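**Student:** what's the 3D shape of this:
(one chain, ligands or ions: 1)
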Amino acid sequence: MKKLIVLLTAILMGTICLPAQEVSASSNKINTQRISKKWKKSKVKIKFPILMYHSIASTGNSLNVPIEQFEEEITYLKSHHYYFLSPHEAYTVLKTNKKPRKNIVWLTLDDGYKNNFDVLKNLYKNYHAKATVFDIINSQNGGNFLSHYQLKNLKRSHIAIQNHTFHHMDLDKLDQQKQVEEMSTGKDNLDTLLSQKTIALAYEVPYNC
Ligand SMILES: [Zn+2]
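**Tutor:** Okay, here's the model as predicted:
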């Protein structure tokens, strides 16, 4: 499975099928001018890596990354002067073709695992790095997943919480009405829980899309 990230300020309608890790952006409700005021315009189309983590632990499924490895990778990015984008900044880069630094990256963690809390709560304080958790709304407060308290706490620590659909279903297998429900119910719940306007959605689509 690959991940598809879509940035949006309106509810996305219909089926989407784009190349892996491609990001599409729509709507101009984000104040890109204010965000990019001091950024540098590029003559060539800007592309940037999106790093996708899941559980930060030594055991579990094949997508796990041990905490030591995660910290090593963040340290590497810091030593190579990477700027860590927020979702609003990622959108602004795509919209304006301007960027805040030569090296930029969007650090993301999918599903909202409980163990993300310990590695993310001091990420900004220790590394001046921002990250985005794409959270499965229906899993919140479950055994292995972030609680409402932790999500609110992370948000206060420069960690963006965005939408990974309500039930984490394969949208490719749903009809249009159900797809919209999965996306919009996820967004509405996050908007209410965190008093925010959720702008980004990540969901999984098959490789042969
Ligand atoms: Zn996922």
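**Student:** L63 touches I56, doesn't it?
**Tutor:** No - taking contacts as Cβ atoms under 8 Å, L63 lies outside contact range of I56: 10.3 Å. (C-beta placed from N, C-alpha, C; glycine too.)
**Student:** quick one: the closest residue to A131 other than its chain neighbours from the ion, how far?
**Tutor:** The shortest distance from A131 to any residue that is not its chain neighbour, by Cβ to Cβ, 6 or more residues apart in numbering, is 4.3 Å, and that residue is L107. In this structure, L107 lies at 16 Å from the ion, with Cβ to the ion, to the nearest Å as the measure.
**Student:** and if you look at H80?
**Tutor:** Counting by Cβ to the ion, the gap from H80 to the ion is 28 Å.
**Student:** ok, now F48?
**Tutor:** For F48, the distance to the ion equals 21 Å [Cβ to the ion].
**Student:** where does the residue nearest to A131 land in three-state SS?
**Tutor:** strand (DSSP: H, G, I helix; E, B strand; the rest coil).
**Student:** coming back round to it: ok, L63 and I56, which is more surrounded?
**Tutor:** Relative neighbour count places I56 above the other of L63 and I56, with 22 against 13, counting by other Cβ atoms under 10 Å.
**Student:** got the residues of this structure near the ion?
**Tutor:** Taking Cβ under 5 Å from the ion as the criterion, the chain approaches the ion at residues 110-111.
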